[in-house]
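Peer 1: Would you be able to build a 3D model of this:
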Amino acid sequence: LVIICIVTGLFGLVVAGLCWYRLQKEVRRTQKMAYEGNKQPVPQPLDWKIVGKLQRHHYQHQKNVLQATEEDKSEAQAGQVSTDSEMDNESGAYTVYECPGLAPSGEMEIHNPLFDNSVLRGGRPSKED
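Peer 2: Purely as a prediction, here's the structure:
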């Protein structure tokens, strides 16, 4: 009876040891997968030929859009009588088009005709127009 108890106890210890080992192995594998999931994806190397072609395509597309806009504008002006707003536009105001690159350095003054900043200064609104 003692031998049966000893063999059963040893068998129980071996099974418990195997279960503990498998559990620890599973925990390590889960931690490893969680760590690999947090890694940032490795960026693919750039193909500079494709980048250059894309830039040229974008430039050509923007150029075509601007030319079409200018043609539409000139056709519209040819068919219409000149108004005061067109005279203001020709007198020195200009249209700004989107252009890639950096803005010029230095001071720039931005005037929003819809916003009266004299209220912020505490003065009365002035008639600059």
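
Peer 1: From now on I want contacts and neighbour counts done on CA atoms only, so please keep to that.
Peer 2: Will do.

Peer 1: Tell me where the longest helix sits in the chain.
Peer 2: For the chain, the helix with the greatest residue count under DSSP state H is helix 2-38.

Peer 1: helices or strands up against that helix?
Peer 2: Judged by 3 or more CA pairs under 8 Å, 6 or more residues apart in numbering; DSSP states H and E, helix 2-38 is in contact with no other helix or strand.

Peer 1: what's the next secondary structure element after it?
Peer 2: Using DSSP states H and E, the helix or strand that follows helix 2-38 towards the C-terminus is helix 48-79.

Peer 1: Read off the pLDDT value for Thr30.
Peer 2: In this model, Thr30 is scored at 87, pLDDT.

Peer 1: right, I mislabeled it, should have said Val51
Peer 2: So, for Val51, pLDDT stands at 86.

Peer 1: burial measure for it, as a count.
Peer 2: Residues lying near Val51 (other CA atoms under 10 Å) number 11.

Peer 1: Show the contacting residues for it.
Peer 2: Shown in contact with Val51 (CA atoms under 8 Å, 6 or more residues apart in numbering): no residues.

Peer 1: That one and His58, how far apart?
Peer 2: Val51 sits 11 Å away from His58, going by CA to CA, to the nearest Å.

Peer 1: Quick check, pLDDT for Asp47.
Peer 2: As predicted, Asp47 sits at a pLDDT of 83.

Peer 1: wait, Cys19
Peer 2: 96.
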